[in-house]
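Asker: this is the structure alone, sequence omitted:
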């Protein structure tokens with residue numbers, strides 16, 4: 001097998017860890033070529049203002065083994081972004097793996113690339129996958145045939161290690177995990193709705209409510225476009 005070619009979609013107002021977590025893992029695969037993909041090569045601002053520079057445009061994108069779509073608030077605008085959705089539909093058939101992190105799965109769903117598949121998403125929006133013909137599975141990593149999706153933000157590292165194991169073997173993935181000293185021991189057991197204290201969960205749901213409603217409206221619009 002030749003060097004892996006991995007593309008990650010970069011877009012305005014993405015959550016940078018959705019992108020940079022997997023990027024850190026993928027970039028350590030020996031010989032891998034990792035492309036940050038967007039419509040042009042101008043710096044792209046994340047949702048927290050970090051500027052990330054694309055390396056390749058959609059038009060110049062080479063053949064890929066993996067396409068990965070991260071999530072973040074800017075995902076809402078991608079749901080009916082014809083240029084991005086057309087790009088994903090164009091490259092996906094040639095990829096060994098079609099993947100996402102967090103709400104990137106909603107973008108894949110809007111492109112029709114997860115219809116009939118199982119997938120995951122951030123816990124706050126996972127129910128929206130069903131609107132796009134996707135079977136939601138509340139797991140940190142979900143694999144269904146050649147689709148692999150990661151849950152919320154921090155799952156991108158886990159997802160990427162799992163995908164590296166599938167592509168080049170467990171030993172290579174374990175070596176990368178060790179290089180990163182990825183041995184998480186969070187100070188609190190509040191990382192999912194099942195483990196978070198009820199008061200914390202209620203407060204976070206309240207803070208997210210308006211934006212989740214905005215995201216749902218975009219998902220409903222995308223679902224209508226698919227039909």
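Answerer: Perfect, I can see it now. Keep in mind that what you see is a predicted model, and the values were worked out from it rather than measured. Numbering: from 1, shown residues only.

Asker: pull up the gap between the residue nearest to residue 155 when sequence neighbours are not counted and residue 159, please.
Answerer: Of all residues not flanking residue 155 in the chain, residue 140 sits nearest, at 4.9 Å (CB to CB, 6 or more residues apart in numbering). All C-beta spots, glycine's among them, are computed from the backbone N, C-alpha and C. Going from residue 140 to residue 159 by CB to CB, to the nearest Å gives 8 Å.

Asker: what do those two both touch?
Answerer: Any residue near both residue 140 and residue 159 by CB atoms under 8 Å, 6 or more residues apart in numbering counts here, and that gives residue 150.

Asker: comparing these two, which residue is more hemmed in?
Answerer: Between residue 140 and residue 159, counted using other CB atoms under 10 Å, residue 159 has the larger neighbour count: 28 against 16.

Asker: tell me the secondary structure at the residue with the largest distance to the centre of the chain.
Answerer: Residue farthest from the centre of the chain, counting by CA atoms, centre = their mean, is residue 199 at 28.6 Å. Three-state call for residue 199 (DSSP: H, G, I helix; E, B strand; the rest coil): helix.

Asker: what residues are up against it?
Answerer: If you count contacts by CB under 8 Å, 6+ apart, then residue 199 has nothing around it.

Asker: low-confidence regions, the protein specifically.
Answerer: The chain contains residues with pLDDT under 70 at 1.

Asker: so what's the backbone phi/psi at the spatially most central residue of it?
Answerer: Geometric centre of the chain, nearest residue: residue 101, 2.2 Å, by CA atoms, centre = their mean. Backbone torsions of residue 101, given as degrees, to the nearest 10, read phi -130, psi 140.

Asker: hmm, it is touching residue 25, no?
Answerer: No - Residue 101 is beyond contact range of residue 25, at 11.2 Å (criterion: CB atoms under 8 Å).

Asker: where do the contact lists of those two overlap?
Answerer: Common neighbours of residue 101 and residue 25 (CB under 8 Å, 6+ apart) do not exist.

Asker: sorry, back to before: from residue 124, how far out is the residue farthest from the centre of the chain?
Answerer: Separation of residue 199 from residue 124 (CB to CB): 17 Å.

Asker: ok, now residue 179?
Answerer: 32 Å.

Asker: who's more crowded, the two?
Answerer: residue 124 (18 against 11).

Asker: pretty sure the more buried one contacts residue 208?
Answerer: Yes - counting by CB under 8 Å, residue 208 is a contact partner of residue 124 at 5.4 Å.

Asker: which residues touch residue 141?
Answerer: Neighbours of residue 141 in contact, by CB under 8 Å, 6+ apart: 120, 148-151, 155, 158-159, 162.
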